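J.: have a look; sequence and predicted model below, questions after that.
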Amino acid sequence: MELNKPELDVGIATRDSEAALAFYRDVMGFTALPQVAMGELGTQNRVRFGNHVLKLYDFKAAPEACEGGTDKAIGMRLLAFLFDDLEPVLARLDERKLPYRRLPLPEGTALKVAFASDADGNALELVGLAKPAGDRFTARVQIGLTVSDIARSRHFYGELLGLREEPEMKLPKSMGVVGNTRYGFVCGATTIKFWSRGELPVKTGAPARRTGIRLMTAAVPDVDAACAELRARGVTIKSEPQDFAGLARIAFITDPDGNWIELAGPLRSSASGS
């Protein structure tokens, strides 16, 4: 499927979008973008990290509160951010007395890893190089999913969406992952990674239904053509293409666990040149 940019964007339904914006802008150091009005649905604060945009939704109808953490539910449960230099981020967490946990790693490991939470309690994995690398290291985002069926998810992201699969990664037994294995699929500088933690409640569904990490967005040149291609492959089209709030033409597909993936492109009038 053709994309306008190789990276995926991420949508987070917030309890307080201003608090979420302050966290990602002032603590994480991301670049704030202009706010977007979404008509009757509410507003959207946005920040940029590398080529990724985080969309912080403020829905007029308050979503159900959903506890964060990869071990709490099936769905999009973690965001990982890969920094050139992690220490300034940790210093800003320290300044604000915000908790985080460093992952103990063997001496000489090339990476530093810490775990924290954002203003809504979403689980964050913060990764940086042991020594800053400047332009040699590109900002990247990983979207972490706790899934119900590894085989179905691998088929969806690899065979149906056509993403490149990374080698399997073994995880410590202490993480509680079934089979101690993490799977990953690459979309530009975005990685979709997932694991199973056994039977858990499913907390997926429409973006406005619950707080938390709610959707991935793929920018495509023609939403209708993308839907037709994906439908022919057997992908479920959850919401047919429509022009939304004068902003973009959008549609939604879902993965095997009901996670929503947005396809966003030019308005139909723009795409047709009329």
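T.: Happy to help now that I have it.
J.: any idea what residue 215 is bridged to?
T.: Beta-bridge pairing for residue 215 (DSSP bridges): residue 11, residue 260.
J.: quick one: residues contacting it.
T.: Shown in contact with residue 215 (CB atoms under 8 Å, 6 or more residues apart in numbering): 10, 11, 76, 207, 252, 259, 260, 261, 262. (Glycine included, C-beta is placed from N, CA and C.)
J.: got it, and residue 257?
T.: Counting by CB under 8 Å, 6+ apart, the residues that residue 257 touches are 74, 75, 145, 147, 148, 149, 153, 202, 204.
J.: so among those residues, which ones count as buried?
T.: By neighbour count, with 16 or more other CB atoms under 10 Å, these hold 74, 75, 145, 147, 148, 153, 204 as buried.
J.: contacting residues for the fifth one?
T.: Looking back up the chat, that one is residue 148. When contacts are counted by CB under 8 Å, 6+ apart, residue 148 touches 74, 196, 199, 200, 202, 256, 257.
J.: relative to residue 209, how far out is the fifth one?
T.: In this case it means residue 202. Here the criterion is CB to CB, to the nearest Å. By it, residue 202 lies 11 Å from residue 209.
J.: ditto for the third one
T.: Note on residue 199: its distance to residue 209, by CB to CB, is 21 Å.
J.: run a quick neighbour tally on the closest residue to residue 29 other than its chain neighbours.
T.: Distances taken as CB to CB, 6 or more residues apart in numbering place residue 89 nearest to residue 29, at 6.3 Å, with adjacent residues excluded. When counting by other CB atoms under 10 Å, one arrives at 20 neighbours for residue 89.
J.: wait, doesn't residue 89 sit right on residue 26?
T.: No: the criterion here is CB atoms under 8 Å, and residue 89 misses it with residue 26 at 10.9 Å.
J.: now do the phi/psi pair for residue 120.
T.: phi -100, psi 0 (degrees, to the nearest 10).
J.: can you check residue 154 too?
T.: According to degrees, to the nearest 10, residue 154 has phi -60, psi -40.
J.: please apply the same query to the one 5 residues further on.
T.: The phi and psi values for residue 159, taken as degrees, to the nearest 10, are phi -80, psi -50.
J.: tell me how many other residues crowd it.
T.: By other CB under 10 Å, 12 other residues sit near residue 159.
J.: now do the SS call for residue 153.
T.: What DSSP: H, G, I helix; E, B strand; the rest coil gives for residue 153 is helix.
J.: the residue lying closest to it once chain neighbours are set aside pairs with what?
T.: What sits nearest to residue 153 in space, not counting adjacent residues and going by CB to CB, 6+ apart, is residue 147, at 4.5 Å. For residue 147, the beta-bridge partners are residue 196 (DSSP bridges).
J.: how about residue 147, what does it touch?
T.: For residue 147, the contact set (CB under 8 Å, 6+ apart) comprises 74, 153, 194, 195, 196, 256, 257.
J.: again, but for residue 102
T.: Listed by CB under 8 Å, 6+ apart, the contact partners of residue 102 are 112, 113, 114.
J.: redo those as a markdown table? Include secondary structure, distance to residue 240 and neighbour count.
T.: Converted to a markdown table, the contacts of residue 102 look like this (DSSP: H, G, I helix; E, B strand; the rest coil; distance: CB to CB, whole Å; neighbours: other CB atoms under 10 Å):
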| residue | secondary structure | distance to residue 240 | neighbour count |
| --- | --- | --- | --- |
| 112 | strand | 45 | 19 |
| 113 | strand | 41 | 17 |
| 114 | strand | 42 | 17 |
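J.: closest to residue 220 among these?
T.: Using CB to CB, residue 113 is the member of these that lies nearest residue 220, at 33.0 Å.
J.: specify the beta-bridge partners of that closest one.
T.: On the basis of DSSP bridges, residue 113 takes part in beta bridges with residue 127.
J.: list the contacts of it.
T.: Applying CB under 8 Å, 6+ apart, one finds that residue 113 lies in contact with 102, 103, 105, 125, 126, 127.
J.: ditto for residue 218
T.: By CB under 8 Å, 6+ apart, the contact set of residue 218 is 1, 3, 8, 187, 226, 261, 262, 263, 264.
J.: out of those residues, which are inside strands?
T.: Judged by DSSP state E, the contacts of residue 218 include 187, 261, 262, 263, 264 as members of strands.
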